[in-house]
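Enquirer: 3D model of this:
(one chain, ligands or ions: 2)
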Amino acid sequence: MQTNFSLAQLADPHVAESEKILRKCVHCGFCTATCPTYVTLGNELDSPRGRIYLIKDMLENGRPADKEIVTHIDRCLSCLACMTTCPSGVNYMHLVDHARAHIEQTYKRPLLDRLTRAMLALVLPYPNRFRAALKLAGLGRPFIGLFEKLPALKPVAAMLKLAPSSLPPASPKALPSMHAGQGAKHGRVAILTGCAQSVLDPAINDTAISLLTRLGVEVVVPEGEGCCGALVHHMGREDQALASARRNVDVWTRAIDQGRLDAIVITASGCGTTIKDYGFMLRLDPTYAEKAARVSSLAKDITEYLAALDLPEPLRKPGTVVAYHSACSMQHGQKITRQPKELLAKAGFVVREPREGHLCCGSAGTYNILQPEISSKLRDRKVKNIEATGASVVATGNIGCITQIASAARLPVVHTIKLLDWAYGGPKPEGLSDSILTAAE
Ligand code: SF4
Ligand code: SF4
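Expert: Ligands and ions are numbered 1, 2, ... in the order given. From the prediction side, this is the model:
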């Protein structure tokens, strides 16, 4: 794509980066076919190619964002299916991240939209605040119907619908600690505690720690870890996202300095995609660039890390039919497609892949709150494809997808690690009955 940026504009390293990305796009439009919003809405401006044109026009003319571009960029899920499809290697992720930051700096959203976004940014990344908010959600639940009728309050209704009616207690394993590996030592890793997942399903990390330590891996939960910054990054709140990244880089750098660290293990693929991008996000910060790149190179999804270990034979051979839902951040963001399925198959599960596996389930961070209508359409489409597999349980590697799919599916949805842990001798995953786990093909 030909671009016309001035030298003065290109002096801004963010613009220079976006210009490089824009020049790679050859307008072929292959990406439109796999874009969930184009597939759902059928509007070129809700396709990757259409958004690329809008971003180019905004940046090239040095214009503040306007309502039209905000509408179409807000509808983008950042699922990155377009990056998997693109034959020219267009880095849409970095382009849309720049566009979102530009929107945040130059566009004044309507008051309720601003308040909703500010509230999400103030609550979701902080487990104590998020826990308190979820407890309060019970008070608002009777008003869901009313909120749904008022367009500006639809995000509040979506939030209330997604809020679970009860919460598991916080896990002591999420506190700073060291969990020694059993038997012969096979590695040392740090694990990300994160934010929303530690509140909604702390058993995911507990299970990962349990399985890793049984496999001889020492697991460190370093002091000071927090949200990876993905939630606010996707809202264009660059300063807040970078502050989260810097804090975690400091924490993990200390852990690296205290002893060899083989990996920073992450059990939510949405977080993994962002942490693997810390090197890029902090490239212009001379104090952090090198440390951030080192952290990114150590970041591994739990299935990526397990697949590289020499796993023993599983203790159970379940034969349970599992529908594997590959989160967008897993398959498109991190290009992890093989490992989770191979691990499940090796552990004795029969793995089925739903049709249209490349399409997002509509979760996408805060998307199911901010764009509830498109999100519900995508969720229902995903659930239909999952249920058509005839599986008795769904496995996936991202808490957002678990919450989203479970809100409509008739079959249980669990994190992949819970099924693996059970097959390797761990306890039965909560919520899964014997009849589900032993329902062989
Ligand atoms: S990130 Fe997803 S929703 Fe956004 S343009 Fe690409 S394919 Fe479409
Ligand atoms: S597939 Fe890639 S090169 Fe083709 S229009 Fe989409 S982003 Fe541009």
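Enquirer: separation between the residue of the stretch 251-400 of the chain found nearest ligand 1 and residue 312?
Expert: Closest contact between the stretch 251-400 of the chain and ligand 1, by CB to the nearest ligand atom, is at residue 360 (6.5 Å). Just so you know, the C-beta spots here come from the backbone N, C-alpha and C atoms, and that holds for glycine as well. Taking CB to CB, to the nearest Å as the measure, residue 360 falls 35 Å from residue 312.
Enquirer: Spit out the contact partners of the residue of the stretch 251-400 of the chain closest to ligand 1.
Expert: Applying CB atoms under 8 Å, 6 or more residues apart in numbering to residue 360 gives the contacts 36, 77, 79, 81, 328, 378, 382.
Enquirer: element containing the last one?
Expert: For residue 382, the element it lies in under DSSP states H and E is helix 372-387.
Enquirer: Once you drop chain neighbours, what's closest to the residue at minimal distance from the centre of the chain?
Expert: Among the residues of the chain, the one closest to the centroid is residue 270, at 1.7 Å (CA atoms, centre = their mean). Among residues not flanking residue 270 along the chain, residue 329 sits closest, at 4.5 Å (CB to CB, 6 or more residues apart in numbering).
Enquirer: Read off the pLDDT value for residue 439.
Expert: pLDDT for residue 439: 64.
Enquirer: and residue 404, how many residues sit next to it?
Expert: 29 (other CB atoms under 10 Å).
Enquirer: Kindly report the same for residue 59.
Expert: So residue 59, with other CB under 10 Å, has 22 neighbours.
Enquirer: quick one on the thing from earlier: so which helix or strand takes in the residue nearest to the centre of the chain?
Expert: Using DSSP H and E, the element containing residue 270 is helix 269-275.
Enquirer: Pull the contacting residues for the residue in the stretch 151-300 of the chain that ligand 1 sits nearest to.
Expert: Residue of the stretch 151-300 of the chain nearest ligand 1, by CB to the nearest ligand atom: residue 234 (10.5 Å). Counting by CB under 8 Å, 6+ apart, residue 234 makes contact with 78, 97, 100, 364, 365, 366.
Enquirer: what about the helices in the stretch 1-150 of the chain?
Expert: 7-10, 13-24, 36-41, 48-60, 67-74, 81-85, 92-106, 111-123, 127-140, 144-149 (DSSP state H, counting those that start in this stretch).
Enquirer: who are the neighbours in contact with the closest residue to residue 216 other than its chain neighbours?
Expert: Using CB to CB, 6+ apart and skipping residues adjacent in sequence, the residue nearest residue 216 is residue 186, 3.9 Å away. Taking CB under 8 Å, 6+ apart as the criterion, residue 186 is in contact with 215, 216, 217, 309.
Enquirer: sorry, back to before: from residue 281, how far out is the residue of the stretch 151-300 of the chain closest to ligand 1?
Expert: 12 Å.
Enquirer: same check, this time on residue 209
Expert: 27 Å.
Enquirer: rewinding a little: looking at the contacts of residue 186, point me to the pair that's furthest apart.
Expert: 216 and 309 (8.8 Å; CB to CB).
Enquirer: can you list residues touching both of the two?
Expert: 186, 187.
Enquirer: got the contact list for the helix or strand encompassing residue 403?
Expert: Using DSSP H and E, the element containing residue 403 is helix 399-406. Helix 399-406 is contacted from outside by 162, 196-197, 200-201, 204, 268, 270, 325, 327, 361-365, 368, 375, 379, 382-383, 386, 394, 396, 412-415, using CB under 8 Å, 6+ apart.
Enquirer: Please flag which of these sit within helices.
Expert: Among the contacts of helix 399-406, the members found in helices (DSSP state H) are 162, 196, 197, 200, 204, 270, 368, 375, 379, 382, 383, 386.
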